[in-house]
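Visitor: Sequence and predicted structure, then a few things I'm wondering about:
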Amino acid sequence: MATQKLEYDASLGGRITLPTHVSTYHYAAGALKEIKSLIAEAQLPANSKLIFQTLPKHMRRRAMSHHPKRLPRKYRAAHKSQMGKAGNQPVIGKRPSRKYRRRPKNLMREYVRRQRKHSWLETHIWHAKRFHMIDRWGYRLPFASCDKTYRACYRASTEHCLLQDMSFYSCVQLRGSLELIRAGFERLTSPNCGLSIAAKTFASGRREGSIELFADGQYPLGALQRASFMWRREDQSRRTLWLWLHPSAAEATIIQLIHVFQLKSTKQQTLPLPDSDESKETKENGKSKEQPLRFWTHTKAFERYRSYANADNSLEMQVLQQEFNRFRLTGARAQYILAASLRAYRPASSGSSDHTHWLAEASKLRDMSEQLQSQADFSESALRLSSPGELLANMIVGLNVVDPRLQRPRQRSKAPKSLAAAGTGSGCSAAEILMTQPACLPDSSLWQSELRERLGQTMLSTHKYEQLRRQHAVVPGQSCAFEQQMQPVPLLLVQRPGSQESQYKRLGYGSGWDVIAPANYGMALWLTFIMWGARPGGLREFDSVAREAGAEHHLPDTVAGVKQASLDAAERRMRYFRLPPNKRCNYRKLAVISPFQAPWVHLVRDWREKPSTTVGEFHVLRDRDLLQRLHECLRHGKAFPDQLPDGCLIQIQLRLHSRGHLKDNALICLPSSGDWKRHKRQLKDDEHAPVHSEPPQPDLNERLRKDLRLGHKRQLKRLRARRVREKRKLQETSTRRVHIRPAQTATLVKEQFDKMSNLWLPTNPAETRDSVRRQCSREVFGYVSSAGFSFIEATVCGVGYITPAGLRKLLADGRGNESETGNGNGSRNGGGNQLPLCLVRDADSRDYRFARFQVNRNVVAPPF
């Protein structure tokens, strides 16, 4: 046993005995007490200084309380804790730098993220820098230019060229026999609306047609939309049809097509299993024993686009969404811009071609050389004409052009007429061009899906093209050798005739071309058109061109019309209640029953001669025979047709007879005998005052609104005072800073808003009979759907819809009075009989004014 060692401690004196080991438990207990005391002291320091105030003065910064990164790293956590306890949340996050965000990898990731809800067109980046963008129909679309271009766009549509991107339209491809497709569409259309989808003029593939689609077997109700279509020119028994659908009603139309043709998705197929060994043995032995059928499900991992087929695969349908770019050129100079931007591809002589693109294959080139030459000659001759309206209406021209980037000028300029006139020699007349139209004119390689996919994969990118130009371009502006190797682009040109009725609108207005190009070539074509002088437009220009043509894109009984009307009504309502109460129009005093949306259902209900059991059904009259008879009745004074259904609406084009303004959702009313006399006196004295003013009606809810508003304010004050008392009571016992409790009155405020809205707005027209027809001092028999100043008419014009019974009453009561007030200003051409007059009034005005109107005979195919 070892002896205990003695040590000498000089500070205490004498010798002491030190142990050879230490107890871990007792040592840890003592250390734990020290750690707890240190933590408590750190959490509750004795001094009242903050972390950033304990630093030396030369290290302090004024912004340290807001930006923790200005402190040393070891103090940041404690500083954030102190700021959080004080109720000041410091700025922790920081937006990445622009240099980081503009890196190609991060930029493309951001673009993909922003397209989750709304898809982009290929020209989106270009438009987003210059246009107001809106979310519409699942796309992010340009609405109007940031510049003041409303009048400039009108001048472009009449004298120059207006360019619009229509690539948001969906293309549905149907492939099957002509008889099967005709039989299916007979259930979705009506012969009263015009030619069918299988008419000879359309089935030949030479022209693009348009049809009005309805739900299966519900004509004239259940209108879907107006769709354009084109057939592929082929001699096979199985034909190919392209149906161009507006995205607002595309899904509803596809559902109807699936229902009519009995289609099923090909993404998941149920296939029978092969026979097993036991079933084969029973068959060989001759024993007939029933075996249960067994199936297996085959699911495709990836589909480029949705595809459907019927049971025997005799008809196939594919939804080619974002497969094409479609640009619309409107105006007289569309010919010159196309001639300058598109140079037809002409194959080289045999033996001298070393091209490697898709069209330079030897076998294909020999077969297509004659077709390419004839298409190029015809297109150059057709584009030398002064206007697109001189050609065959809705003619389809297939054309292979060189890469559009090669035709781009160095700076933006107008396409001169000399470029359009330079071509195959002496010019030809329009009649000669129509007579010499080749049979292969509508043929195009754009119909082949494999080729469309190959074009996008083998396209030379703009970055690579610019690099090659810098390497090979010896003289700036001159062509390079590599440009001859670039692949040609197949296009489809569709002619649009514009207005064809001189009595209705200016002849040829809205004529132009539609250019259909494959995917990935959108920006190349768009920039080339812009550089040659085309004026870009957005969705606003679609409506303005249609209004100038006296028509509408979406009729009120279609799927798109109903959706658009509800969106516009919600926007008007929101704008109305954003105003303070003293700036709002009191529609109860103005005697307007529906200020934000036209109540078509209740208008038709009030004018029915026989009460109907079905409520809420109306339709726009599309029967061409009845519309023609109505036109003759108004123009030439013939008998009013008796076969008009009560539940229909007649589309008319309005034109103010004198001064005044007209807005959307204006009222169309019947004039009284006193209005006719007053109008005659105003014409004699050359007065332009309103013919009648609506007397103000009493507002019974005015006192209720005031009491409700004052009671709501008092309630909010009481709740606020209660929260303040709670705060003060907590401050008496709390050692920390106390914040007032959140109000949590969102539900209460919403209920108050709903109550005030009901008191501000008139009574719902569905609650009372004749609430729409007799809502004011003049009987209402129609509404204006869209209105504005027309540059063609040099006055305010609009498009509206009226009831047949109201029109009959107007003609019966006002024909004689109108003949007395005629002054030779009724007809646009200055001759013929006077157009009938009616009264119009804005929803936010008391003034009634006279307006002349005429019936649109071509509702199914408007002239735009």
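Guide: Nice, I can see it.

Visitor: what are the ranges of the helices in the stretch 401-550 of the chain?
Guide: 417-421, 430-435, 449-458, 462-472, 522-531, 539-548 (DSSP state H, counting those that start in this stretch).

Visitor: Just the C-alphas of the last one, formatted as PDB.
Guide: The one in question is helix 539-548. Extracted in PDB, the C-alpha atoms of helix 539-548 (Å, rounded to 0.1, in the frame of the first residue of the first chain):
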ATOM      1  CA  LEU A 539     -56.900  42.900 -76.700                       C
ATOM      2  CA  ARG A 540     -58.300  46.400 -76.700                       C
ATOM      3  CA  GLU A 541     -57.700  46.600 -80.400                       C
ATOM      4  CA  PHE A 542     -59.700  43.400 -81.000                       C
ATOM      5  CA  ASP A 543     -62.700  45.100 -79.400                       C
ATOM      6  CA  SER A 544     -62.200  48.400 -81.200                       C
ATOM      7  CA  VAL A 545     -61.900  46.900 -84.600                       C
ATOM      8  CA  ALA A 546     -65.100  44.900 -84.000                       C
ATOM      9  CA  ARG A 547     -66.900  48.000 -82.800                       C
ATOM     10  CA  GLU A 548     -65.800  49.900 -85.800                       C
END
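
Visitor: Does the following helix or strand past that helix pack against any helices or strands, and if so which?
Guide: Once helix 539-548 ends, the next helix or strand along the chain (criterion: DSSP states H and E) is helix 559-578. Packing partners of helix 559-578 (3 or more CB pairs under 8 Å, 6 or more residues apart in numbering; DSSP states H and E): strand 223-231, helix 746-760. Where C-beta positions appear, they are placed from N, C-alpha and C, glycine not excepted.

Visitor: Can you say which of those is nearest to Gln715?
Guide: The closest of the helices and strands packed on helix 559-578 to Gln715 is helix 746-760. By CB to CB, the value is 7.5 Å.

Visitor: Confirm that Leu163 sits in a strand.
Guide: Yes - counting by DSSP: H, G, I helix; E, B strand; the rest coil, one finds Leu163 located in a strand.

Visitor: Identify the single longest strand in this structure, thanks.
Guide: strand 780-790 (DSSP state E).

Visitor: follow-up on the earlier one: of all the helices of the stretch 401-550 of the chain, which lies closest to Phe214?
Guide: helix 539-548 (21.4 Å).

Visitor: Summarise which helices and strands that closest one is packed against.
Guide: strand 139-145, helix 150-158, strand 162-165, strand 780-790, strand 795-802.

Visitor: one more time with 6 Å
Guide: strand 139-145, strand 780-790 (3 or more CB pairs under 6 Å, 6 or more residues apart in numbering; DSSP states H and E).

Visitor: so of the ones you listed, which one's packed in deepest?
Guide: strand 780-790 (a mean of 23; mean count of other CB atoms under 10 Å).

Visitor: Just checking: what are the partner strands of that strand?
Guide: Sheet pairing of strand 780-790 (DSSP bridges) gives strand 667-669 (antiparallel), strand 795-802 (antiparallel).

Visitor: who wins for proximity to Val172 among those?
Guide: Of these, nearest to Val172 by CB to CB is strand 795-802, at 28.6 Å.

Visitor: mind listing what the closest residue to Gly561 other than its chain neighbours touches?
Guide: With sequence-adjacent residues excluded and distances taken as CB to CB, 6 or more residues apart in numbering, Gly561 is closest to His554, at 4.1 Å. Counting by CB atoms under 6 Å, 6 or more residues apart in numbering, His554 makes contact with Ala560, Gly561, Gln564.
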